[in-house]
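Asks: need a 3D model of the sequence below.
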Amino acid sequence: MNTKALLFKYIRNSENVFTEIKLKQGAETPSQEQIAEVIEYAKRYLSDAKHYEEKQQHTTGLVSVAYCEGMLDALRLLKLVDFKWSETKERK
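Replies: This is a model prediction of the structure:
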């Protein structure tokens, strides 16, 4: 599937979620184990991104690292973790 088709697919999937998403009533604060599990998922997405970078599949790698960053940002926005994004120098 090409980049254009993937973008279309992911945009439509996200739009569909926003039409049906509901806040859970009585949701509890996540446990340390649940937070750690989300962090492990983020690490796997980062590992995938590195794999795709090695394979010169940059678009797929970018998508993987974007998932990683999104999960980390969500944890930070929920005030479940603490970190700062650092600026890194571009590779040549």
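Asks: buried set for the helix or strand where residue 39 lies?
Replies: Assessed by DSSP states H and E, residue 39 sits inside helix 32-54. Neighbour-count burial for helix 32-54 flags 38-39, 42, 45-46, 48-49, 52 (criterion: 16 or more other C-beta atoms under 10 Å). From N, CA and C alone the C-beta is placed, and that goes for glycine too.
Asks: the residue lying closest to residue 41 once chain neighbours are set aside: neighbour count?
Replies: Spatial nearest neighbour of residue 41, excluding adjacent residues (C-beta to C-beta, 6 or more residues apart in numbering): residue 71 at 6.2 Å. When neighbours are defined as other C-beta atoms under 10 Å, residue 71 has 18 of them.
Asks: equivalent analysis for residue 72, please.
Replies: With other C-beta under 10 Å as criterion, residue 72 counts 19.
Asks: quick one: the host helix or strand of it to chain centroid distance?
Replies: Per DSSP H and E: residue 72 is located in helix 58-77. Distance of helix 58-77 from its chain centroid, counting by C-alpha atoms, centre = their mean, to the nearest Å, is 3 Å.
Asks: contacts for it next, please.
Replies: 3, 6, 35, 38-39, 41-43, 45-46, 48-53, 81-83 (C-beta atoms under 8 Å, 6 or more residues apart in numbering).
Asks: ok, 6 Å please
Replies: For helix 58-77, contacts defined as C-beta atoms under 6 Å, 6 or more residues apart in numbering pick out 3, 38, 42, 45-46, 48-49, 52-53, 81.
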